[in-house]
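S.K.: pasting a predicted model and its sequence here:
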Amino acid sequence: MRRRTFLQAATALATFGITGCTAPEGVPADRLARLARGVNMSHWFAQAPFSRATLQSRHAADEFRTLRRVGLSHVRLPLDPYVLFSERNPDRLDPDRLPLLDAALDMILQAGLAVIVDLHPEERFVDRLATDDGFVEAVTQFWRALAKRLSARDPGMIFLEALNEAHFDDPPRWEAVLRRLLAAMREGAPRHTLIASGDGWASIDGLVQLTPVADRNVVYNFHFYEPFEFTHQGATWGYDMWRHYRGVPYPVDAARISAALALIDNPRAREEIRFYGQSGWGAARIEQRLDQAAAWGAQHNVPLTCNEFGVYRLITDPADRIAWLTDVRTALERRRIGWAMWDYAGGFSLTRDGMNDRALDNATLQALGLQATGGLSLPGA
């Protein structure tokens, strides 16, 4: 009964509009332009232990100036809610850590880059949203408070993303939660552009099941890592078979698939890569997948962005990685879909070796259509 009431309330929000606050009619063109090309600043305010030293020193102003100089227009800043959030006092932002977020935003904005503030929790946080209405209410209060705090900043430069990669396996439940979060965000930040994604880890399949909200100042987002057999080979998190994949090529090539199979000793992984060899993945298949997202956006007359895509670098053939990045980036731009690569200095990095060598990788820059540079190496990096 409680869940039915929750869903009915969310349906009412959808019917009458998510808020009584006024917002621009549609997303202003200059804001969409700022979402054109970006990169994710991973392992900073999310995916890393919280410490004042780390939050203060992980990145420097010169890095963001360099990112702007090579042609990026924004960065996506993943924010673990627990940096600022207390379930006991959800509308109170942690006063000790809030200045650290403010300082990071100041540094990025001063470089001329826009910022997506992306609520980027660990899986157990998302799991609770999928099952616990009381927790949804607490997170709703938190987003209202955070949006109100961020509303003092230029709405043309700060974007607010409701949640990273919901995976409820229940699209109606996620849509109900999403509408509540967006309503609270709009109440806190009446003029800012919001970003929403579908269920299924922000997949295209999840996107096309969404019904857009009445608020027109919302950008709809998806993530793209297909085919995972290629982009996540060697990864030690997520799906267990990824760690067994070796030598997986892009685009698919029969001779190279045979060579890959000789490197893989796990029977199930071998079978999956054998099947991948029959999939036809290449530029045309990528175009077809992105056409599904573009068609949904056109049907609903809403703007789209893809603010995660990339290839794990550990064992992937560098030339294949560059080919995939080039194909995805050019396909997105042909459809006027803004993008943000995952990530700046982690396992998928725009830099030459994650945080160990923060010189920008020229081949990756060229694949993204950016200006090649000698890069930036910080003292002690």
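M.R.: Right, received. Where do you want to start?
S.K.: burial measure for the closest residue to Asp94 other than its chain neighbours, as a count.
M.R.: Leaving aside its chain neighbours, Asp94 sits nearest to Leu84 (4.7 Å; criterion: CB to CB, 6 or more residues apart in numbering). For glycine as for every other residue, the C-beta is placed from the backbone atoms N, C-alpha and C. Neighbourhood size, Leu84 [other CB atoms under 10 Å]: 21.
S.K.: wait, Leu84 sits on Leu150?
M.R.: No. Between Leu84 and Leu150 there is no contact under CB atoms under 8 Å: 11.2 Å.
S.K.: picking up where we left off before, pLDDT value on the residue nearest to Asp94, please?
M.R.: At Leu84, the model reports a pLDDT of 97.
S.K.: how about it, what does it touch?
M.R.: When contacts are counted by CB atoms under 8 Å, 6 or more residues apart in numbering, Leu84 is found next to 93-94, 97-98, 101, 142, 146.
S.K.: for the host helix or strand of Thr305, give me every contacting residue.
M.R.: In the assignment (DSSP states H and E), Thr305 maps to strand 304-309. Contacting residues not belonging to strand 304-309 are listed as 35, 38, 40, 76, 116, 118, 161, 195, 202, 219-225, 293-294, 297, 325, 328-329, 332, 335, 337-342 [CB under 8 Å, 6+ apart].
S.K.: repeat that for 7 Å
M.R.: 35, 38, 40, 76, 116, 219-225, 293, 297, 328, 332, 337-342 (CB atoms under 7 Å, 6 or more residues apart in numbering).
S.K.: repeat for stretch 97-116
M.R.: 34, 45, 52, 55-56, 61, 64-65, 67-68, 72-77, 83-84, 157-159, 161, 195, 307.
S.K.: just checking, which of the residues you listed belong to helices?
M.R.: 34, 52, 55-56, 61, 64-65, 67-68 (DSSP state H).
S.K.: state the three-state secondary structure for the closest residue to Arg335 other than its chain neighbours.
M.R.: Once flanking residues are discounted, Arg335 sits nearest to Ala294: 4.5 Å by CB to CB, 6+ apart. At Ala294 the chain is in helix, as set by DSSP: H, G, I helix; E, B strand; the rest coil.
S.K.: and Ala294, what pLDDT?
M.R.: pLDDT, Ala294: 98.
S.K.: that one contacts Glu333, correct?
M.R.: No. Between Ala294 and Glu333 there is no contact under CB atoms under 7 Å: 11.7 Å.
S.K.: between these two, which one's more packed in?
M.R.: Ala294 (19 against 15).
S.K.: contacting residues for His244?
M.R.: Applying CB under 7 Å, 6+ apart, the residues contacting His244 are 264, 266, 269.
S.K.: hmm, back to that, now go through the contacts of strand 304-309 and say which are in strands.
M.R.: 38, 40, 76, 116, 219-224, 338-341 (DSSP state E).
S.K.: identify the farthest-apart pair in these.
M.R.: Spatial extent of those (CB to CB) is set by the pair Tyr220 and Met341 at 18.9 Å.
S.K.: those two - which one has more neighbours?
M.R.: Neighbours per residue (other CB under 10 Å) separate Tyr220 from Met341, with Met341 holding more: 27 against 21.
S.K.: returning to what we had before: mind putting the ones in helices among the contacts of stretch 97-116 into JSON lines with distance to Tyr239?
M.R.: Below are the ones in helices among the contacts of stretch 97-116 laid out as JSON lines (distance: CB to CB, whole Å):
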{"residue": "Arg34", "distance to Tyr239": "34"}
{"residue": "Arg52", "distance to Tyr239": "35"}
{"residue": "Leu55", "distance to Tyr239": "31"}
{"residue": "Gln56", "distance to Tyr239": "35"}
{"residue": "Ala61", "distance to Tyr239": "38"}
{"residue": "Phe64", "distance to Tyr239": "34"}
{"residue": "Arg65", "distance to Tyr239": "38"}
{"residue": "Leu67", "distance to Tyr239": "31"}
{"residue": "Arg68", "distance to Tyr239": "36"}
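S.K.: export those residues to CSV and tack on neighbour count?
M.R.: Shown next, in CSV, are the ones in helices among the contacts of stretch 97-116 (neighbours: other CB atoms under 10 Å):
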residue, neighbour count
Arg34, 22
Arg52, 11
Leu55, 19
Gln56, 12
Ala61, 12
Phe64, 23
Arg65, 15
Leu67, 26
Arg68, 17
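S.K.: next, give me the two most distant ones among the residues you listed.
M.R.: The largest distance within these, taken as CB to CB, falls between Arg34 and Arg52 and amounts to 30.0 Å.
S.K.: nearest to Glu165, of the contacts of His244?
M.R.: For the contacts of His244, the closest approach to Glu165 (CB to CB) belongs to Ala269, at 24.0 Å.
S.K.: a helix runs through that closest one, doesn't it?
M.R.: Yes. Counting by three-state DSSP, one finds Ala269 located in a helix.
S.K.: you'd agree it is up against Met241?
M.R.: Yes. Under the criterion of CB under 7 Å, Ala269 makes contact with Met241 at 4.7 Å.
S.K.: show me the shaky parts of the chain.
M.R.: Along the chain, segments meeting pLDDT under 70 span 1-25, 374-381.
S.K.: give me that answer again for 90
M.R.: Applying pLDDT under 90 to the chain flags the ranges 1-25, 48-57, 354-356, 372-381.
S.K.: hang on, the earlier thing: want to throw the ones in strands among the contacts of strand 304-309 into TSV with distance to Ala176?
M.R.: Shown next, in TSV, are the ones in strands among the contacts of strand 304-309 (distance: CB to CB, whole Å):
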residue	distance to Ala176
Gly38	29
Asn40	27
Arg76	25
Ile116	23
Val219	20
Tyr220	17
Asn221	18
Phe222	20
His223	21
Phe224	25
Gly338	27
Trp339	29
Ala340	27
Met341	31
